[in-house]
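Peer 1: Below: sequence and its predicted model.
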Amino acid sequence: MIEERNKTLGELRRRLRARLGFAVQGPAAENNRDVLNDILQEAHEFIAGEVDVSALRTKCTLRLSPGSWLYDWHNDVEDEDIDPGRVLAVWVVMGDTCRDPLIQGITERHREQVDLRDFPSRYDTLSGQMELWPIPGTACDLIIEYTAPIARFEQDQDRPSVPWRLLFQYALGVAKAHYRHSDAQVAGQTFERMLAKYKAAQHENHRYFATTSAPREPQVVKTADGFGMRV
């Protein structure tokens, strides 16, 4: 799996502690464990919101029962909830080689046809569940493609869903600002260059229009919740 190429939370914390100069403090260095974990977790969430997470695209199969039109948004195999807002496509399996896409949106006019039984052609979200129309008339499979949530990043063995070097450099800039290191700004600027380079590599086949405004220099700033990056 792609996530297995990334370093664990425990490994990243030890590396971050060393770069901050705390490794020489021995067992006492564990006193900042919670602070460094919090910074690394903040970095994980920030990077996930900034970069393309196509590696998190996944599919699951849901078995439909005749007469049942409401189903939980849940991947039973991975035992994870599906965010309806992150669903990319839904198909109904009509046969060995036939998969028909479902259209999102069910109106009250559709719901008036209470006696209609067939393969579903539409889906929507109703009271937190997936609603299908028409009501399935036979047992069949539904394939859901969606973007999975970012991985848990709370225990030492957990691995991030984003490139660890980006995550680490963001955390380093914020941590240096938190501990008032004089080179915090340099670390923040290094992160911005790394992020821009990574985004460019992701979208190398896309075309963009240049703007006349000059790019702003990134800064590590103090906020109500601590420190963060601002461009």
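Peer 2: Structure received.
Peer 1: Identify the residues contacting the residue lying farthest from the centre of the chain.
Peer 2: Centroid-distance maximum for the chain: Asp115 at 40.0 Å, with Cα atoms, centre = their mean. Asp115 is in contact with no residue at all, counting by Cβ atoms under 8 Å, 6 or more residues apart in numbering. Bear in mind the C-beta positions are built from the backbone N, C-alpha and C, glycine included.
Peer 1: can you tell me how far it sits from Arg122?
Peer 2: Applying Cβ to Cβ, to the nearest Å, the value for Asp115 to Arg122 is 17 Å.
Peer 1: And Val35, by the same measure?
Peer 2: In terms of Cβ to Cβ, Val35 sits 49 Å off from Arg122.
Peer 1: do the same with His181
Peer 2: 56 Å.
Peer 1: so Phe22 touches Asn31, yeah?
Peer 2: No: look at Phe22 against Asn31 with Cβ atoms under 8 Å: they stay out of range, at 9.1 Å.
Peer 1: Between the two, tell me which one has more neighbours.
Peer 2: Using other Cβ atoms under 10 Å as the criterion, Phe22 and Asn31 rank with Phe22 on top: 19 against 10.
Peer 1: what's near enough to touch the nearest residue to Leu142 once chain neighbours are set aside?
Peer 2: Spatial nearest neighbour of Leu142, chain neighbours left out: Leu62 (4.4 Å); criterion: Cβ to Cβ, 6 or more residues apart in numbering. Contact analysis of Leu62 by Cβ under 8 Å, 6+ apart lists 71, 76, 141-144.
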